[in-house]
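Participant: Fold the following.
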Amino acid sequence: MSVATLLDEVRFDADGLVPAIAQQHDTGEVLMLAWMNRAAIEETLASGRACYWSRSRQSLWRKGDTSGQVQRLVELRLDCDGDAVLLRVDQTGVACHTGRRSCFFRVARDGAWHTDLPVLHDPKELYGHSHG
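Facilitator: As a prediction, the model looks like this:
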């Protein structure tokens with residue numbers, strides 16, 4: 001089966017995007033949610049490295065190019081409706097731009113959001129400037 005045939009089964013939204021969940025392949029830890037367009041999926045499959053679509057910059061975003069926190073693709077999965085993808089990856093370092101391992105570091109408890117993951121890398125060191 002060709003990559004084009006695989007991509008024909010992905011139901012991209014009106015903007016040509018599909019939500020993409022990144023999960024650590026061996027632990028099941030959910031790392032982040034991003035967006036992919038057709039070109040991002042093609043590059044991810046070709047290179048073996050996660051590539052996403054940056055909605056704010058309107059360009060491809062190769063995970064780790066700025067921070068060194070690369071995601072190596074282990075497996076790409078498509079959900080039952082074809083409208084979401086799961087990237088099972090081997091994450092180097094942290095996945096979140098805040099310097100945490102996962103973007104899902106806030107938990108609802110007692111009517112408030114509480115942070116349950118520590119900052120492992122200072123975002124200023126990863127990106128040269130601070131990220132919330």
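
Participant: What are the boundaries of the helices in this structure?
Facilitator: 3-8, 38-47, 123-127 (DSSP state H).

Participant: Which parts of the protein are strands?
Facilitator: With DSSP state E as the criterion, the chain has strands at 18-24, 30-36, 51-54, 59-62, 71-78, 85-91, 106-109, 112-115.

Participant: pLDDT on the last one, on average?
Facilitator: In this case it means strand 112-115. Average pLDDT, strand 112-115: 96.

Participant: And it, what does it pack against?
Facilitator: Helices and strands touching strand 112-115, by 3 or more Cβ pairs under 8 Å, 6 or more residues apart in numbering; DSSP states H and E, are strand 106-109. C-beta here means a position set from N, CA and C on the backbone, and glycine is covered the same way.

Participant: contacting residues around the strand it packs on?
Facilitator: The set of residues external to strand 106-109 that reach it, using Cβ atoms under 8 Å, 6 or more residues apart in numbering, is Trp113, His114, Thr115, Asp116.

Participant: That one pairs with which strands?
Facilitator: strand 112-115 (antiparallel) (DSSP bridges).

Participant: rewinding a little: which of the helices of the chain is buried the deepest?
Facilitator: Stretch with highest mean neighbour count among the helices of the chain: helix 38-47 (a mean of 17; mean count of other Cβ atoms under 10 Å).
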